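Undergrad: Got a sequence here, can you build the structure:
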Amino acid sequence: MQTKQMMMTAGLWILIFVVFYFILIRPQKKKEQKLKEMRDSINRGDTVITIGGIIAKVSKIEEEKVILELGPNRTKVPFEKWAIGRVIEKADSPEEIVEVEEKIEE
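TA: Numbers count the residues shown, from 1 in each chain. Below is the predicted model of the structure:
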């Protein structure tokens with residue numbers, strides 16, 4: 001009788017864990033994976049919003065950092081990639097960005 005009760009208790013705990021996995025853990029991992037893919041697909045010229053609410057254009061991309069241009073003076077500030085909350089506008093094409101920057105420098 002006791003072994004049957006112990007098996008029922010163990011089965012109940014396993015069932016609770018499985019329910020928690022499918023309700024909480026699995027969706028969170030999917031969300032984290034999408035966020036990682038978004039951060040890996042950031043390109044130069046994209047307009048992004050940081051997790052702090054700063055809206056800026058991506059100037060340069062490094063291994064784990066991005067250099068963002070802020071404000072009308074185009075102040076360049078380094079940020080960690082994990083600090084990017086979302087991309088609000090993708091750049092049209094990298095060639096256009098290079099051409100515009102060359103014109104600005106002249």
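Undergrad: Going by contacts, tell me the helices and strands next to the biggest helix by length in the chain.
TA: Here the longest helix in the chain is taken by residue count, with DSSP state H as the criterion, and it is helix 2-20. Contact partners of helix 2-20 among helices and strands, from 3 or more Cβ pairs under 8 Å, 6 or more residues apart in numbering; DSSP states H and E: none. Every residue, glycine included, has its C-beta placed from N, CA and C.
Undergrad: Dump that helix to PDB, restricted to CA.
TA: Backbone C-alpha positions of helix 2-20 (Å, rounded to 0.1, in the frame of the first residue of the first chain) are rendered in PDB as follows:
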ATOM      1  CA  GLN A   2       2.800   2.400   0.900                       C
ATOM      2  CA  THR A   3       4.700   1.800  -2.400                       C
ATOM      3  CA  LYS A   4       1.500   2.500  -4.400                       C
ATOM      4  CA  GLN A   5       1.100   5.800  -2.500                       C
ATOM      5  CA  MET A   6       4.800   6.700  -3.000                       C
ATOM      6  CA  MET A   7       4.400   6.000  -6.800                       C
ATOM      7  CA  MET A   8       1.300   8.200  -6.900                       C
ATOM      8  CA  THR A   9       3.200  11.000  -5.200                       C
ATOM      9  CA  ALA A  10       6.200  10.700  -7.500                       C
ATOM     10  CA  GLY A  11       3.900  10.600 -10.500                       C
ATOM     11  CA  LEU A  12       2.100  13.700  -9.300                       C
ATOM     12  CA  TRP A  13       5.500  15.600  -8.900                       C
ATOM     13  CA  ILE A  14       6.600  14.500 -12.400                       C
ATOM     14  CA  LEU A  15       3.200  15.700 -13.800                       C
ATOM     15  CA  ILE A  16       3.600  19.100 -12.100                       C
ATOM     16  CA  PHE A  17       7.100  19.400 -13.500                       C
ATOM     17  CA  VAL A  18       5.900  18.500 -17.000                       C
ATOM     18  CA  VAL A  19       3.100  21.100 -16.800                       C
ATOM     19  CA  PHE A  20       5.500  23.800 -15.600                       C
END
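Undergrad: Can you name every helix or strand that the helix or strand following it contacts?
TA: Toward the C-terminus, helix 2-20 is succeeded by helix 26-40 as the next helix or strand (DSSP states H and E). With contacts taken as 3+ Cβ pairs under 8 Å, 6+ apart, helix 26-40 sits against strand 84-89.
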